[in-house]
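K.L.:
next one to model:
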Amino acid sequence: MTKPDGTGGERHRTADRNGQPPRSADAAVAETEEFPTGTDSRNGVSERAVSRETAIAVEGLTKRFGTGTDSVLAVDDVSFEVEAGSVVGLLGPNGAGKTTLIKSVLGMVVPDEGSVRIAGVDVAERPKAAYANVDAMLEGARNDYWRLTVRENLRYFATVSGVDPDSVTDRHDRLLERLDLAEWADTPVRKLSRGMKQKVSLASVLAGGAEVVFLDEPTLGLDVESSRTLQRELRRLAEEEGLTVLISSHDMGVIETVCDRVLVMSEGRIIADDSVDSLLRGAASGTVVVESSDLDSDAIAAIRERFDITDIEELERGARIEVVAAGDDLYALMDVLSRAGVTPERIRTVEPDLEDIFVGLTREEDR
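P.N.:
Got it, this is the predicted structure:
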């Protein structure tokens with residue numbers, strides 16, 4: 001459900017236990033009946049976080065807005081799973097259905113068809129149990145109480161999650177240090193910059209010890225260094241504490257750095273689902289940029305007989321061309337250049353990155 005933030009915005013909390021006294025962190029773990037309790041001696045991670053194989057399971061999720069010819073199919077029969085302790089990126093152009101998908105998984109939007117299970121619990125049948133250890137930071141929502149200090153926000157949202165804030169003081173101190181917020185711990189959030197507020201929002205999401213978190217544009221408004229700090233902390237939480245993260249972002253660098261796997265959406269459907277490494281390895285061959293004063297029309301024609309030329313830029317003397325070539329093709333390209341009487345003055349290879357792959361996938365889907 002959403003909790004009003006007192007200033008017109010809303011913060012999404014899936015573990016609302018109002019009316020019950022706050023518990024300690026251990027009690028919060030033990031109270032959830034669906035999973036075994038206890039602590040893994042290796043790193044303090046609860047056994048249920050270690051033993052669960054699937055944190056999020058979505059099957060046949062469909063959501064249509066409106067009726068008749070004016071209706072919009074926002075999510076079209078989407079299915080995927082997210083393993084516990086992994087970081088999965090959700091990519092897609094504006095209007096692809098990412099936000100509707102996330103809100104449907106979180107129960108903020110009721111899907112027309114399909115099912116969602118969190119840690120093996122069906123959210124339609126037992127929503128309170130399913131969302132007991134889930135939290136989210138959504139773009140466009142004011143995620144904190146701006147009149148409270150940074151530390152007060154962390155304590156408040158830990159309490160909302162059903163955890164005694166005194167029992168997680170050490171966790172809060174670590175979050176403040178690792179997100180470079182310790183110096184501002186006693187400062188009201190309203191006095192912070194936009195980027196600092198974004199980091200406070202993330203810290204508040206993690207304050208209660210949620211095991212599954214959904215982050216929509218978490219680096220929005222952050223400078224380069226703050227973004228890197230956030231990325232390091234997300235990777236650490238996933239690797240050391242078993243945190244499961246579904247992150248939606250237009251920042252390809254963040255997705256490529258942080259995520260184990262990527263889901264690409266277009267027009268409400270998943271059009272790609274693979275690891276970042278696999279997507280990069282499976283991309284089209286890289287290109288070679290060659291610049292030379294010897295590149296005239298005859299030389300370019302000779303090169304084109306053997307290779308695809310994707311771009312030609314005429315220079316004051318000669319030209320600069322982009323040629324599709326990788327691996328052993330580079331030797332063949334050098335041979336063709338030599339036979340055409342071209343001496344490269346500048347040459348560099350360009351490998352496709354995740355942004356190139358994303359653009360290629362969505363353009364292909366559009367066609």
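K.L.:
residue contacts, the residue nearest to the spatial centre of the chain?
P.N.:
Centroid-nearest residue in the chain, with CA atoms, centre = their mean: residue 247, separated by 2.4 Å. Residue 247 is in contact with 87-90, 214-216, 218, 234, 254-255, 258-259, counting by CB atoms under 8 Å, 6 or more residues apart in numbering. Any C-beta I mention is one placed from the backbone N, CA and C, and that applies to glycine too.
K.L.:
please redo it, this time with the cut-off set to 7 Å
P.N.:
Going by CB atoms under 7 Å, 6 or more residues apart in numbering, residue 247 touches 87, 89, 90, 215, 218, 258, 259.
K.L.:
now it, what's its secondary structure?
P.N.:
State at residue 247, reduced to three classes by DSSP: H, G, I helix; E, B strand; the rest coil: strand.
K.L.:
list the beta-bridge partners for it.
P.N.:
residue 89, residue 215 (DSSP bridges).
K.L.:
with residue 349 instead?
P.N.:
Counting by DSSP bridges, residue 349 is bridged to residue 288.
K.L.:
residues near it, how many?
P.N.:
Residue 349: 11 surrounding residues under other CB atoms under 10 Å.
K.L.:
residue 268 too?
P.N.:
Look at residue 268: counted by other CB under 10 Å, it has 23 neighbours.
K.L.:
doesn't residue 79 lie inside a helix?
P.N.:
No: going by three-state DSSP, the assignment for residue 79 is strand, not a helix.
K.L.:
and it, how far from residue 230?
P.N.:
30 Å (CB to CB, to the nearest Å).
K.L.:
neighbour count: those two, which is higher?
P.N.:
When neighbours are counted by other CB under 10 Å, residue 79 and residue 230 differ, and residue 230 comes out ahead with 24 against 13.
K.L.:
the more buried one contacts residue 221, doesn't it?
P.N.:
No: applying CB atoms under 7 Å as the test, residue 230 and residue 221 come out as separate, 11.2 Å apart.
K.L.:
list the contacts of residue 252.
P.N.:
Taking CB under 7 Å, 6+ apart, we find residue 252 in contact with 353, 354, 355, 358.
K.L.:
phi, psi of the first one?
P.N.:
In other words, residue 353. Phi and psi for residue 353, reported as degrees, to the nearest 10, are phi -100, psi -180.
K.L.:
all the helices of the stretch 101-250 of the chain, residue numbers only.
P.N.:
For the stretch 101-250 of the chain, helices defined by DSSP state H, counting those that start in this stretch occupy the ranges 127-130, 150-160, 169-178, 194-206, 224-241.
K.L.:
of all those helices, which one is nearest residue 309?
P.N.:
With respect to residue 309, and counting by CB to CB, the nearest of the helices of the stretch 101-250 of the chain is helix 224-241 at 35.2 Å.
K.L.:
ok now the closest one, how far from the chain's centre?
P.N.:
Relative to its parent chain, helix 224-241 has a centroid offset of 12 Å by CA atoms, centre = their mean, to the nearest Å.
K.L.:
then stretch 308-324?
P.N.:
Taking CA atoms, centre = their mean, the mean C-alpha location of stretch 308-324 is offset from the chain mean by 37 Å.
K.L.:
quick one: buried residues of that stretch?
P.N.:
318, 319, 320, 321, 322, 323 (16 or more other CB atoms under 10 Å).
K.L.:
show me which of these is closest to residue 57.
P.N.:
Set against residue 57, the nearest of the buried residues of stretch 308-324 by CB to CB is residue 322 (43.4 Å).
K.L.:
alpha carbons only: can I get stretch 112-119 in CSV?
P.N.:
The C-alpha coordinates for stretch 112-119 follow below in CSV (Å, rounded to 0.1, in the frame of the first residue of the first chain):
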residue,chain,number,x,y,z
ASP,A,112,-6.3,-8.5,-15.5
GLU,A,113,-4.6,-11.9,-15.8
GLY,A,114,-1.6,-13.7,-14.4
SER,A,115,0.0,-14.4,-11.1
VAL,A,116,2.8,-13.0,-8.9
ARG,A,117,4.6,-14.9,-6.2
ILE,A,118,7.1,-13.4,-3.8
ALA,A,119,9.4,-15.9,-2.1
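K.L.:
for it, give the mean pLDDT please.
P.N.:
Averaging pLDDT along stretch 112-119 gives 96.
K.L.:
can you give me the neighbour number for the nearest residue to residue 127 once chain neighbours are set aside?
P.N.:
Counting by CB to CB, 6 or more residues apart in numbering, the nearest residue to residue 127 once its immediate chain neighbours are dropped is residue 107, at 5.9 Å. Other residues lying near residue 107 total 19 when counted by other CB under 10 Å.
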